[in-house]
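Trainee: with the sequence up front, the predicted model follows.
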Amino acid sequence: MDQGKSITLQNVRKAWGETVSLRGIDLEILAGQFTAILGPSGCGKSTSLRVIAGLEDVTSGRVLIGDQDVTAMSPAQRNLSMVFQSYALFPHLSVAENIVFGLKVARMQRQERLARLAEVAELLELTPYLDRKPAALSGGQQQRVALGRAVVSRRPVCLMDEPLSNLDARLRDEMRREIRKLQQALGFTMVYVTHDQTEAITMADQVVLMNQGQIEQVATPQQIYAAPATPFAARFIGTPPMNLLPPSAFGALLDKRSEGVQIGVRPEVLSEDRHGAFAATVRSAEFLGADTLVELDANGAPLLAKLAGNRSVLPGEELRFSVAPSDIHVFDVASNGRLDDPALVARIAGAQA
Amino acid sequence: MQRTRQWIHAWLLLLPAFVFLLAFTHVPAITTLWNSFWTTARGRRPSRWAGLDNYDTLIADPVFWKVLVNNIWFAIGTIPTSIVIALVMAVWVNQKLAGRGFVRMAYFTPTVLPMIAVANIWMFFYTPGFGLIDQITGLFGMAQSNILGQSDTALVGVMIVTIWKEAGFFMIFYLAALQTIPPSLIEAARIEGAGPWTIFRRVTFPLLMPTTLFVSVNAVVNSFRMVDHIFILTGGGPDNASSLLLFYIYEVAFRFWDTAYAATLTVVLLAILAALAIGQFFFFDRKVHYK
Ligand SMILES: Nc1ncnc2c1ncn2[C@@H]1O[C@H](COP(=O)(O)OP(=O)(O)O)[C@@H](O)[C@H]1O
Ligand SMILES: [Mg+2]
């Protein structure tokens, strides 16, 4: 088994005439790790993946796989595999022929080819379907064939572009675990594109968060959740999304000195505390079973809070909250970055201060 | 009750198309078959039952065998060549090249032209002494040629014109089919390490098989059906060297006015076409992947 190889993008730009899809990407994808490229639709995830694959040329910048500069190489020379969103199975070939397509192109000996096929078919539970055409398979089975074709060649890098988006929710959960298991068992470098934060957070060792052709943050799922680097990262990860409040929302707690910042608090970390420093008025409440989602008004700014259990609140009621200092995120509006301001955090946390 | 009504509706809807098909295809075909068993009426001599006499005449007719063999050579010479050229042109103009629209249109032009016009254009190439071919070869001091006037080259001359006309037509079908192949299939093949030739051989060409079947059935039928250009180019001559089956049928029917024998020849033509079309479907069926 080839060990995974690292992938490096150096100041990669990609433009189609006026449309700029990648605005200077610098990225280090670690060898043998599961990296998810996450972002909203149209942010350039697929373009990044296709640039790595060699299906698109870069406008400027360099792409390295391992220590090798592959910027000018064809997809075939880059020695990687790819799973497409549409699966891209060859409709005229049987499942077995689809899986060994690459091995045949590489003129592998028939015996070894059949051994590899049997092994992969066993691994992905495709053995009963080897003689069928893709059209005679369910969506989940087609997905497995695409996975089989990607892993049978044992290439060091595997790229996937939203591979689960055509499956129903139940199958998606199942395949998510299966893909993760496969990657860990085989040890290749995985670059996985998705717009679904759940997929990225549950599967990846490292998440690359993209927005409008730029990278917002590269970190582990835990780090992105605990310390988002930008307001965008703060809102994109977590459901319901983080509250981003102007200083005025905290009334007398903050003064003029703290203009030009945004304060982020996740709905699930707001805990009710009669002596809390932070007050807001209830607008409406929604009972969700395990917890209650409360919409509030904090000095004119909308605020969401997720309260444990069936806490019945009435519109117009005033609630007071305390927040742990580690759960308060401060962002600088001008630089669009994270601020470290313990004094400001302490004033909001209030009760503990 | 409900079912009967549905049947009646279905038949009523089918009726107009059915009437025209019967009137212009099936009735004439059966009439032709019937006529082939009678003699041609001449002057005061009425037509009478001839049994298989016309077919005996046909088997003994050297011209019939000559045009049949001509037609087979014509088919062999034009069909594969025009299909291959069509495929190559389609793959070529399906790429991202500058002036793609212009090239497509240029390749398609021969198809839009009526066969008579095409033949006239090629007369201008072929004319001995003054034609384009002779003017060019003349520059190199070569002797005059008379491609259409010599029995060993006349059929080849006719075949080249046919290929020129047919290839552009078939290209359009291939082009349409190429555009239905998802680009991700080609990309997947590229990632798997396949070069352009392997992609063509293992992905593109197999996916074009239904088109190839359609085009080749058309080509076969056309090779027995297209005779317009022979009127202009050679008139079937010299000495029937470039005459084809349908052209011979025309001559028998409307020059020699032997309608019964023409009917007999037509029955043979029909039988050949039916056999070829059915045979092709069976031959290709196992190799064609339909979506
Ligand atoms: N072939 C193309 N030609 C022009 N613009 C393109 C092309 N492919 C992608 N784009 C543009 O690049 C941007 C990023 O696209 P993409 O990488 O596909 O986004 P996503 O993150 O949804 O995968 C989009 O604005 C898209 O319109
Ligand atoms: Mg995409």
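Mentor: That came through, no problem. Ligands and ions are numbered 1, 2, ... in the order given.
Trainee: check which helix or strand covers residue B:65.
Mentor: helix B:62-93 (DSSP states H and E).
Trainee: any idea which helix or strand comes after that helix?
Mentor: Once the chain leaves helix B:62-93, the next helix or strand it forms, by DSSP H and E, is helix B:100-112.
Trainee: and the helix or strand harbouring residue B:273, how far from the chain's centre?
Mentor: Residue B:273 belongs to helix B:259-285 when assigned by DSSP H and E. Taking the mean of its C-alpha atoms, helix B:259-285 sits 13 Å from the chain's own mean (Cα atoms, centre = their mean, to the nearest Å).
Trainee: could you double-check that residue A:150 sits in contact with residue A:83?
Mentor: Yes: if you go by Cβ atoms under 8 Å, residue A:150 and residue A:83 touch, sitting 5.1 Å apart. C-betas here are computed from N, CA, C, even on glycine.
Trainee: what touches both of these two?
Mentor: By the contact definition Cβ atoms under 8 Å, 6 or more residues apart in numbering or on different chains, residue A:150 and residue A:83 are jointly contacted by A:158, A:160.
Trainee: residues from chain A in reach of ligand 1?
Mentor: Proximity of chain A to ligand 1, by Cβ under 6 Å from any ligand atom, involves residues A:16, A:19, A:21, A:39, A:41, A:42, A:43, A:44, A:45, A:46, A:47.
Trainee: ok, 8 Å please
Mentor: Chain A comes close to ligand 1 at residues A:14, A:16-17, A:19-22, A:39-50, A:56, A:161-162, A:193, A:195, A:210, A:213, as judged by Cβ under 8 Å from any ligand atom.
Trainee: any of these buried? List them.
Mentor: Members of those that pass the buried threshold by neighbour count (16 or more other Cβ atoms under 10 Å in any protein chain shown) are listed as A:14, A:21-22, A:39, A:43-50, A:56, A:161-162, A:193, A:195, A:210, A:213.
Trainee: next step: those restricted to strands.
Mentor: Among those, the subset assigned to strands under DSSP state E consists of A:14, A:21, A:22, A:161, A:193, A:210.
Trainee: coming back round to it: taking helix B:62-93 as reference, get the angle to the helix holding residue B:273.
Mentor: For helix B:259-285 and helix B:62-93, the angle between their directions (axes from the mean of the first three to the mean of the last three Cα atoms, to 10 degrees) works out to 40 degrees.
Trainee: quick check: domain ranges of chain B?
Mentor: By the assignment in automatic domain parsing, chain B contains the domains B:1-35, B:54-285.
Trainee: just the element for residue A:215, please.
Mentor: With elements taken from DSSP H and E, the one containing residue A:215 is strand A:214-219.
Trainee: any buried residues in that strand, and which?
Mentor: Burial within strand A:214-219, assessed by neighbour count using 16+ other Cβ under 10 Å, is assigned to A:215, A:216, A:217, A:218, A:219.
Trainee: quick one: the fourth one from residue B:9, how far?
Mentor: Yep, that's residue A:218 we're talking about. When Cβ to Cβ, to the nearest Å is applied, the distance between residue A:218 and residue B:9 equals 66 Å.
Trainee: backbone dihedrals for the residue lying closest to residue A:113 once chain neighbours are set aside, please?
Mentor: Distances taken as Cβ to Cβ, 6 or more residues apart in numbering or on different chains put residue A:103 closest to residue A:113, at 4.8 Å, once the chain neighbours are dropped. As for residue A:103, its main-chain torsions (degrees, to the nearest 10) stand at phi -70, psi -40.
Trainee: residue A:103: how many residues sit nearby?
Mentor: Summarising burial for residue A:103: neighbours were counted as other Cβ atoms under 10 Å in any protein chain shown, giving 22.
Trainee: same deal with residue B:109?
Mentor: Residues near residue B:109, counting by other Cβ under 10 Å: 11.
Trainee: now the nearest residue to residue A:74 once chain neighbours are set aside: how far from residue A:70?
Mentor: Distances taken as Cβ to Cβ, 6+ apart place residue A:54 nearest to residue A:74, at 5.9 Å, with adjacent residues excluded. Distance, residue A:54 to residue A:70, by Cβ to Cβ: 7 Å.
Trainee: what do you get for residue A:17?
Mentor: 25 Å.
Trainee: by contact count, what packs against the next helix or strand after the strand holding residue A:215?
Mentor: Later in the chain than strand A:214-219, the nearest helix or strand by DSSP H and E is helix A:221-226. Contacting helix A:221-226 under the criterion 3 or more Cβ pairs under 8 Å, 6 or more residues apart in numbering or on different chains; DSSP states H and E are the following elements: helix A:197-203, strand A:206-211.
Trainee: quick one: buried residues of stretch A:20-33?
Mentor: Residues A:21, A:22, A:24, A:25, A:27, A:29, A:31, A:32, A:33 are the ones in stretch A:20-33 that count as buried (16+ other Cβ under 10 Å).
Trainee: between those residues, which is closest to ligand 1?
Mentor: residue A:21 (3.4 Å; Cβ to the nearest ligand atom).
Trainee: so who does the closest one touch?
Mentor: Under the criterion of Cβ under 8 Å, 6+ apart, the contact list for residue A:21 reads A:14, A:15, A:44, A:47, A:213.
Trainee: next up, the contacts around the closest residue to the second one other than its chain neighbours.
Mentor: Put plainly, it is residue A:15. Closest residue to residue A:15 in three dimensions, ignoring its sequence neighbours and counting by Cβ to Cβ, 6+ apart: residue A:59, at 4.9 Å. Neighbouring residues of residue A:59 by Cβ under 8 Å, 6+ apart: A:13, A:14, A:15.
Trainee: and the second one, what's its pLDDT?
Mentor: So the one you mean is residue A:14. At residue A:14, the model reports a pLDDT of 96.
Trainee: quick check, it in contact with residue A:51.
Mentor: Yes: contact between residue A:14 and residue A:51 holds when scored by Cβ under 8 Å: they sit 6.1 Å apart.
Trainee: anything in contact with each of these two?
Mentor: A:22, A:58.
Trainee: which residues in the stretch 151-300 of chain A form helices?
Mentor: Using DSSP state H, counting those that start in this stretch, the helices of the stretch 151-300 of chain A run over residues A:169-186, A:197-203, A:221-226, A:231-236.
Trainee: mind putting these into JSON lines with mean pLDDT, distance to residue B:282 and mean neighbour count?
Mentor: JSON lines is the format used below for the helices of the stretch 151-300 of chain A (pLDDT from 0 to 100; distance: least, Cβ to Cβ, whole Å; neighbours: other Cβ atoms under 10 Å in any protein chain shown):
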{"stretch": "helix A:169-186", "mean pLDDT": "90", "distance to residue B:282": "41", "mean neighbour count": "15"}
{"stretch": "helix A:197-203", "mean pLDDT": "93", "distance to residue B:282": "49", "mean neighbour count": "19"}
{"stretch": "helix A:221-226", "mean pLDDT": "94", "distance to residue B:282": "59", "mean neighbour count": "17"}
{"stretch": "helix A:231-236", "mean pLDDT": "94", "distance to residue B:282": "59", "mean neighbour count": "22"}
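Trainee: in CSV, list these along with distance to residue B:229.
Mentor: Converted to CSV, the helices of the stretch 151-300 of chain A look like this (distance: least, Cβ to Cβ, whole Å):
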stretch, distance to residue B:229
helix A:169-186, 60
helix A:197-203, 64
helix A:221-226, 73
helix A:231-236, 68
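Trainee: residue B:85 is nearest to which of those helices?
Mentor: The closest of the helices of the stretch 151-300 of chain A to residue B:85 is helix A:169-186. By Cβ to Cβ, the value is 46.6 Å.
Trainee: low-confidence regions, the chain specifically.
Mentor: Just going to use chain A. Applying pLDDT under 70 to chain A picks out residues A:1-2, A:256-257, A:350-353.
Trainee: wrong chain, I was asking about chain B
Mentor: Applying pLDDT under 70 to chain B flags the ranges B:285-291.
Trainee: thanks again, I'm all set now.
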